[in-house]
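[1] Quick check, what structure comes out for this input:
(one chain, ligands or ions: 1)
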Amino acid sequence: MSAISDKTKLSLQDLGIGDETGVEALMGELRASLDAAIAGITSAEAAEQYRIQWLGRKQGLIGAATDNWLKSAPGPLKRVVGKWLNELRARAEAGMPAEGAAFLSPGIDITLPGVRRPIGSRHPVQLVMQEIEEIFRSMGYSVETGPEVETDYYNFEALNFPPDHPARDTQDTFFLAGDGNKLLRTHTSPVQIRTMEKQKPPVRAVVLGKVYRRDAPDASHSFMFHQMECFAVDTNITLCDLKGTLNEFIRRFFGPKVRTRFRPSFFPFTEPSAELDISCLICGGSGCPVCKRTGWVELLGSGMIDPAVFGFVGYDPDRISGFAFGTGADRLALMKYGIHDIQLLWQGDKRFLRQYR
Ligand code: PHE
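    Have a look, this model is predicted:
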């Protein structure tokens with residue numbers, strides 16, 4: 001490098017060059033040194049140094065070579081020297097990085113394919129809950145939430161479960177350590193109470209969230225699962241409204257072919273109460289192992305809100321009526337997607353989860 005930069009300060013005569021072969025050797029040397037300089041530009045500072053050293057008006061090597069070599073070239077060699085210097089100037093200019101160019105660290109091969117970062121998928125239960133939320137929002141329902149750690153009052157008492165009533169046993173409650181007042185909610189129905197406490201009728205709400213029960217895990221039981229709950233409270237709400245809303249929901253969620261039937265049941269917070277069955281999605285109602293050959297599958301609990309419940313939230317039971325229904329969102333996901341084991345939902349196996357979008 002220093003050798004060639006010294007040479008640019010001398011005339012061709014001083015360098016002892018008098019023919020085309022000599023010019024070519026000299027220019028080849030200058031070009032090799034230029035290429036090495038271009039290859040060495042790895043930062044904005046280096047680019048600026050390069051610019052001054054090669055293209056600078058005063059000390060630039062291309063300028064110096066032009067001054068000293070072209071001028072001193074004898075007549076017949078001028079054309080050859082001029083052509084070479086034009087070429088090298090163009091090469092030196094092309095080697096200057098554009099302003100704001102990004103410099104890569106050496107060792108990174110930008111021609112290698114990139115690392116693919118897979119995007120996650122939505123959980124099947126989340127998909128189901130989003131769909132339910134969408135269905136009820138379109139019917140004018142609000143979405144309400146409540147705490148997973150509840151008190152006995154909201155989970156039981158205000159829902160008309162008397163103390164020591166055997167109905168409490170059906171809920172397999174997890175109690176928190178302490179005086180037995182704090183517990184993990186066993187259903188989303190406490191949100192009925194919380195919503196009615198803060199809102200005057202009319203109320204139309206849907207609740208989606210986690211609930212907990214002391215169940216031994218198997219293909220259809222999990223100690224944590226999700227429920228959806230829907231309720232409507234106003235003057236003149238009747239059983240017809242309950243049936244109509246249920247059928248609309250089922251039809252939109254499972255499709256128009258599904259049939260429904262009501263069976264009398266009992267819940268402390270609804271009177272009358274009914275369970276809703278749907279025709280089996282696997283066999284279409286003709287009978288198979290999934291529906292235990294009955295053609296029907298139990299789907300949800302429902303009923304007209306018991307007037308005693310209105311007493312707890314300060315509504316007038318003579319003027320106000322309402323319906324409520326609730327079911328497991330996980331179960332809806334199992335049915336909708338044909339999943340045979342509820343445990344699959346919470347094992348975090350990506351091969352299973354990525355099937356759902
Ligand atoms: N909360 C009840 C349960 O978990 C379901 C239900 C909701 C029943 C609303 C009637 C009305 O079993």
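[2] in the stretch 151-300 of the chain, what residue is nearest the ligand?
    Taking CB to the nearest ligand atom, the ligand has its nearest neighbour within the stretch 151-300 of the chain at H187, 3.4 Å off. All C-beta atoms are positioned from the backbone trio N, CA, C, and that covers glycine.
[3] ok, that residue touching G326?
    Yes - the criterion here is CB atoms under 8 Å, and H187 meets it with G326 at 6.5 Å.
[4] need the strands for this structure, in chain order.
    All strands of the chain, identified by DSSP state E, fall at 142-144, 149-151, 182-184, 203-212, 224-234, 260-267, 270-279, 296-305, 321-328.
[5] Need these in TSV (columns: distance to the ligand and mean neighbour count).
    Output for the strands of the chain, formatted as TSV (distance: least, CB to the nearest ligand atom, whole Å; neighbours: other CB atoms under 10 Å):
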stretch	distance to the ligand	mean neighbour count
strand 142-144	13	15
strand 149-151	13	17
strand 182-184	13	19
strand 203-212	7	21
strand 224-234	6	22
strand 260-267	5	15
strand 270-279	5	20
strand 296-305	3	21
strand 321-328	3	23
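[6] Now render the ones you listed as JSON lines, adding mean pLDDT.
    Below are the strands of the chain laid out as JSON lines (pLDDT from 0 to 100):
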{"stretch": "strand 142-144", "mean pLDDT": "98"}
{"stretch": "strand 149-151", "mean pLDDT": "97"}
{"stretch": "strand 182-184", "mean pLDDT": "95"}
{"stretch": "strand 203-212", "mean pLDDT": "98"}
{"stretch": "strand 224-234", "mean pLDDT": "97"}
{"stretch": "strand 260-267", "mean pLDDT": "96"}
{"stretch": "strand 270-279", "mean pLDDT": "96"}
{"stretch": "strand 296-305", "mean pLDDT": "96"}
{"stretch": "strand 321-328", "mean pLDDT": "97"}
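[7] contacting residues around the residue nearest to H340 when sequence neighbours are not counted?
    Counting by CB to CB, 6 or more residues apart in numbering, H340 lies nearest to A219, which is 6.8 Å off, once chain neighbours are set aside. Counting by CB atoms under 8 Å, 6 or more residues apart in numbering, A219 touches 340-343.
[8] Taking these, tell me the two that lie furthest apart.
    By the measure CB to CB, H340 and Q343 form the most distant pair in these, at 10.1 Å.
[9] Which of these two has more residues huddled nearby?
    More crowded of H340 and Q343, by other CB atoms under 10 Å: Q343, with 13 against 9.
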